[in-house]
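>>> This is the structure alone, sequence omitted:
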């Protein structure tokens, strides 16, 4: 009798374990979904920090996994996001048109967050192509963020519209929008946005002949980056600080060596034709034009990447090139 009771108890325990296993497998996400979801979450975290280059391979891997499982929505979301990380290597006109086509798809029109991501990426692309297109993209993103009650995206879209206003010569609107975006970013702890808008304000002040005042904004942005993992090397900020120092007649400023190395790696891996040109004796040491800025790299002559490509240690970097660099 005792042996029979033990056998019955064992059967019951085994049956309970089988039932629990079946129930847990029914409610749990498949392994591929968990993996892709985790990849997407980390990629989105990096993208929010504006570290699109590091996020790109994660988005691309997530795209592959979602595609293999037939998840059309997340496949498209990951694909569009990965494009943002590859922008320096892509033809912008073609990318802009492809994103416009994606926006017309019913799956995008019916999914507000997918549409917002598409508008954000297209807005970054069009910023280098056409002010009008970029304004339309970011205006649509702003309205969609309001519908979604995404206050952080409302502020970021407003800040980008402020940059467009500045480029179009409306300095008053630019100041209101960018300072408003900066105030929100500071309050909400959006460090990446703080760095961007502090840099934009400093750049604007430099262009308006107030380089000395601009330096404090660049220093604040650099300090934020230094203290935030993933944002240690705000390259556009460093470049604009160098220009402000030049305009102010200061002694050329030396970039921290890790930042120089990071910059060289990114520039040389992005394959931008004509974004850099070697300085010649005929070129002035500094150029104050709004379309050209000087980045002194005198201490970089022993660097691997610099030595591999050029013997000179001074380069002229076009403003368009730095706009591209800022998107990395």
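Noted; the coordinates are in hand. Computed from a predicted model, the values in this text were never measured in an experiment.
>>> So what touches the one helix or strand residue 76 maps to?
Assigned by DSSP states H and E, residue 76 falls within helix 72-85. Residues outside helix 72-85 that contact it (Cβ atoms under 8 Å, 6 or more residues apart in numbering): 36, 40, 43-44, 47, 52-57, 59-60, 62-63, 66-67, 90, 95, 99, 102, 105, 107-108, 111, 113-114, 117-118, 120-121, 124, 327. For the C-beta atoms, the positions are set from N, CA and C on the backbone; glycine is no exception.
>>> In PyMOL, how would I select the buried members of the residues you listed?
To isolate the buried ones among the contacts of helix 72-85 in PyMOL, judged by 16 or more other Cβ atoms under 10 Å, type:
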select buried, resi 36+40+43+44+47+52+53+55+56+59+60+62+63+66+67+95+99+102+108+111+114+117+118+120+121+124+327
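>>> give me the low-pLDDT residue ranges for the stretch 201-328 of the chain?
232, 251-328 (pLDDT under 70).
>>> any idea of the mean pLDDT for stretch 127-142?
When pLDDT is averaged along stretch 127-142, the result is 95.
>>> now the helix or strand harbouring residue 53: mean pLDDT?
Following DSSP H and E, one finds residue 53 within helix 52-69. In this model, helix 52-69 has an average pLDDT of 94.
>>> for stretch 152-163, same thing?
In this model, stretch 152-163 carries a mean pLDDT of 96.
>>> ok, for residue 78, nearest residue in space, not its chain neighbours?
residue 63 (3.7 Å; Cβ to Cβ, 6 or more residues apart in numbering).
>>> from memory residue 178 sits against residue 163, does it?
Yes: at 6.9 Å, residue 178 counts as touching residue 163 under the criterion of Cβ atoms under 8 Å.
>>> Touching both of the two, which residues are there?
residue 200.
>>> Need the per-residue pLDDT for residue 185.
Confidence at residue 185, expressed as pLDDT, is 96.
>>> Quick check: end-to-end length of stretch 99-110?
Terminal residues of stretch 99-110 lie 16 Å apart, using Cα to Cα, to the nearest Å.
>>> make that stretch 40-54, sorry
Per Cα to Cα, the first residue of stretch 40-54 is 13 Å away from its last.
>>> List the buried residues for stretch 80-91?
Buried residues in stretch 80-91, counted by 16+ other Cβ under 10 Å: 80, 81, 82, 83, 84, 85, 87, 88.
>>> For residue 63, give its distance to residue 85.
From residue 63 over to residue 85 the distance is 12 Å, taken as Cβ to Cβ, to the nearest Å.
>>> same check, this time on residue 184
Distance of residue 184 to residue 85, given as Cβ to Cβ: 25 Å.
>>> which residues touch the residue nearest to residue 78?
Applying Cβ under 8 Å, 6+ apart to residue 63 gives the contacts 75, 78, 79, 82.
>>> what do you get for residue 125?
87, 92, 95, 96, 99.
>>> if we take the residues you listed, which one ends up nearest to residue 240?
Using Cβ to Cβ, residue 87 is the member of the contacts of residue 125 that sits closest to residue 240, with 19.9 Å.
>>> Now do the closest one against residue 46, distance only.
15 Å.
>>> Now do the strand or helix carrying residue 152: which elements does it pack against?
Taking DSSP H and E as the criterion, residue 152 maps to helix 151-167. For helix 151-167, the packing partners by 3 or more Cβ pairs under 8 Å, 6 or more residues apart in numbering; DSSP states H and E come out as helix 112-126, helix 131-148, helix 171-188, helix 191-207.
>>> Output the ones you listed in a markdown table; the columns should cover distance to residue 159.
Compiled in a markdown table, those are given as follows (distance: least, Cβ to Cβ, whole Å):
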| stretch | distance to residue 159 |
| --- | --- |
| helix 112-126 | 11 |
| helix 131-148 | 9 |
| helix 171-188 | 3 |
| helix 191-207 | 5 |
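>>> Of all the ones you listed, which one comes closest to residue 240?
Among those, helix 191-207 comes nearest to residue 240, with 4.9 Å by Cβ to Cβ.
>>> C-terminal to the closest one, what's the next element?
helix 211-226.
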